[in-house]
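S.K.: What would the 3D arrangement of this be:
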Amino acid sequence: MLLESESVAAESDGLPPLGTRSDREAAHYYRSMHARAVEREQRWKEKALVAEQIIKQLLVLLGYCVQKIGALTRQVTWLNNHQFGSKSAATKPAPDAATQPASQGGADDAEQPPAQRKRKRGQQPGGKGPKRRRRPNLPEEITHHHLSEDERTCPICHKLRPEIGLTEESEEIEWEVCLKRRRHIRHCYGPSCDCATGRGIRTAPKPAKLIAKGLFAVSFWMEVLLKKFEFKQPVQRVVHELKTLDLEVSPGTLTGGLQKIQPMLQPLVGQFVLRAREGCHWHMDETRWPMFLLVEGEKQDKSPKKWWAWVVVGADATAFLLEPSRSSQVPETFFPKGTEGILNVDRFPSYFGLLGPDWNIKLAYCWSHQRRDFVNLGEGCQRHKEWAQEWVGLINLLFKANRKRRKAWFKQRSDFSALDQEVRWQVEEIKKRLDRELADGQLAPEQEKILKSMRRHWEGLTLFVDHPHVPMDNNAAERALRALAVARKNFYGSASKWSGELALGCFTILATLRQHGICPRRYFRAYLEACAREGGKAPKNLEEFLPWNWSAEKKAAWSTQEQAP
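M.R.: Alright, predicted model coming up:
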């Protein structure tokens, strides 16, 4: 059977059967068969090597895709939280293990107190309510209520009830909003004698006007400024409100008036900005401010760029700067060369230029931003959630300890030394864990990236340790930018450069007045009246409008609206 199969194979190859071939032909046949087998094996090995290389490349690509998907998942989680989640960076306190003992079952559970329910907002059942406050600063209007004769007459004997002198009193607060026309009638006086000064007709002087030949008074423009920049209402909404009060005004009229008021406020804003530059400790941050205009030299078909609102919070003043750039040129231009002090910032690279030889400024980085890296990683990747929560817990403990230390430092308490040692010990423990985890080499790339950033900024992160007056966060600048964020949502920014300068100038004035506890309504009225007396220009003497030059008594007097006559 074997010979028959070999004969058939030989015939299929075009060779004579084995029984009829010579030994040389048979040897040639087997060599050719072996050569073809070796060739096939070589081809398969080459294909296997190519497939192995492709598999390696696919594995690398797969790892990259997995890493990219993880990064995009964390980014989507952050965007969802940023758009729909809580706007506060504060974390919920962890449950105290001492107050929540582990359940052992049986009779022990019956003796444990029930879990405390979440406290509701507002007045608590059984709690003592707040006292009704008297408000003597508001003008008082007394209204007497009497019974009519029919109500006082007895239906049987028809005698009147006598008034006995007793009264019952109650009060309520009314909110009256009204517009009124004030007509100025200037009387004329003829000559009274033949003297040189008594000849001709003399007329009473014109009242001071903020805008020449303008229809609206100082109080009107004061309300427009406050509604737009203090209460963040767009001009169109102010127009609708005035219409409900039977006054129809076009938006262009209000816009034109604001454009004329802007040069009057600019010198005052300049003084506020110069004051914010002084001192030795500041907070600085930036946010976008849409400007619907083109920068000089740009093509007309190019879309407008996003401008940036920078804020600098000083000891006596807060300044907002409108810039078309987010580059390091802004802080380097604001602080003169040779400036010394500490600047609380986030880790944005534009501030790093202040670390150069021309400035002696130390950057104190924000621990809230550092903590946010761990929070975002824990929310976006379940695999690292426990690790991230441990780091967040350590940072929260540091915040708590430093908060107690700062209170003791400002109040000059005797327990400051012990609290200071506690803060320094916690900082050392965080540094030890940081170095240990980076040295182990067991971290994932996203974990290592966060810790390397933390070590790179460690000097600025720990600057607060030797300077107790420096906070661990940059919340002062963040809170100052909140007004711009609300205004940006309501009226989308500014449509011209003068409008943007007016907006940030008013934000500068309002934020500084808030620092000193001054009533913005009374302040704007006084300043605009001074501008009106100067014929629609900024007053020559700005010293009387600089709050940091005021005495404590004057600040207290200007803390509320002036009493009505």
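S.K.: pretty sure Arg455 contacts Arg436?
M.R.: No. Between Arg455 and Arg436 there is no contact under CB atoms under 8 Å: 11.8 Å. For the C-beta atoms, the positions are set from N, CA and C on the backbone; glycine is no exception.
S.K.: So for these two, which residue has more residues nearby?
M.R.: Arg455 (14 against 9; other CB atoms under 10 Å).
S.K.: For the more buried one, pull up the helix or strand it's in.
M.R.: helix 445-456 (DSSP states H and E).
S.K.: Now for the protein: which strand has the highest residue count?
M.R.: Looking across the chain with DSSP state E, the single longest strand is strand 281-290.
S.K.: Return the set of buried residues in that one.
M.R.: For strand 281-290, a neighbour-count test (16 or more other CB atoms under 10 Å) marks 281-287, 289-290 as buried.
S.K.: can you give me the strands for the stretch 51-200 of the chain?
M.R.: 188-189 (DSSP state E, counting those that start in this stretch).
S.K.: re the thing from before, list the contacts of the helix holding Arg455.
M.R.: Contacts to helix 445-456, defined as CB atoms under 8 Å, 6 or more residues apart in numbering, come from residues 67, 70-71, 74, 347, 370, 373-374, 377, 381, 384, 387, 434-435, 437-438, 443, 461.
S.K.: So which residues of the stretch 201-350 of the chain form helices?
M.R.: Under the criterion DSSP state H, counting those that start in this stretch, the stretch 201-350 of the chain contains helices at 218-225, 235-244, 251-277, 329-334.
S.K.: what about the shortest one, distance to the chain center?
M.R.: Same thing as helix 329-334. 21 Å (CA atoms, centre = their mean, to the nearest Å).
S.K.: and if you look at stretch 524-537?
M.R.: With CA atoms, centre = their mean as the basis, the mean position of stretch 524-537 lies at 33 Å from the chain mean.
S.K.: can you check stretch 531-548 too?
M.R.: With CA atoms, centre = their mean, you get 32 Å for stretch 531-548.
S.K.: Contacts for that stretch, please.
M.R.: By CB under 8 Å, 6+ apart, stretch 531-548 touches 208-212, 218, 260, 263-268, 271, 275, 316-317, 512-513, 515-516, 518, 523, 526-527, 530, 549, 555.
S.K.: Where does the nearest residue to Lys209 once chain neighbours are set aside fall, secondary structure wise?
M.R.: Residue nearest to Lys209 in three dimensions, not counting chain neighbours: Ala532, with 5.8 Å by CB to CB, 6 or more residues apart in numbering. Per DSSP H and E, Ala532 falls inside helix 520-533.
S.K.: Next: Gln389.
M.R.: Here Gln389 is assigned to helix 385-410, by DSSP H and E.
S.K.: what's the angle between that helix and helix 445-456?
M.R.: 20 degrees (axes from the mean of the first three to the mean of the last three CA atoms, to 10 degrees).
S.K.: Return the set of buried residues in the helix or strand following helix 385-410.
M.R.: Sequence order places helix 416-440 as the next helix or strand after helix 385-410, per DSSP H and E. Residues of helix 416-440 classed as buried: 416, 419-420, 422-423, 426-427, 430, 434, 437-438 (neighbour count, 16+ other CB under 10 Å).
S.K.: So what touches helix 416-440?
M.R.: Contacts of helix 416-440 (CB under 8 Å, 6+ apart): 394-395, 397-398, 401-402, 404-405, 408-409, 443, 447-448, 451-452, 454-455, 458, 462, 465, 468.
S.K.: still on that earlier bit, going by distance to Glu169, which of the buried residues of strand 281-290 wins?
M.R.: Glu169 lies nearest to His283 out of those, by CB to CB, at 49.4 Å.
S.K.: Distance-wise, check that closest one relative to Ala476.
M.R.: 4 Å (CB to CB, to the nearest Å).
S.K.: do the same with Glu39
M.R.: From Glu39 over to Ala476 the distance is 79 Å, taken as CB to CB.
S.K.: Neighbour count: those two, which is higher?
M.R.: Using other CB under 10 Å as the criterion, Glu39 and Ala476 rank with Ala476 on top: 18 against 10.
S.K.: and the more buried one, what does it touch?
M.R.: Taking CB under 8 Å, 6+ apart, we find Ala476 in contact with 283, 313, 344.
S.K.: Pull the number of nearby residues for Ser496.
M.R.: Neighbour number of Ser496 under other CB under 10 Å is 13.
S.K.: contacting residues around it?
M.R.: Ser496 makes contact with 292-293, according to CB under 8 Å, 6+ apart.
S.K.: ok, the closest residue to Thr203 other than its chain neighbours to Val470 distance?
M.R.: Excluding its sequence neighbours, the residue lying closest to Thr203 (CB to CB, 6+ apart) is Cys188, at 4.7 Å. To Val470, Cys188 is 67 Å away according to CB to CB.
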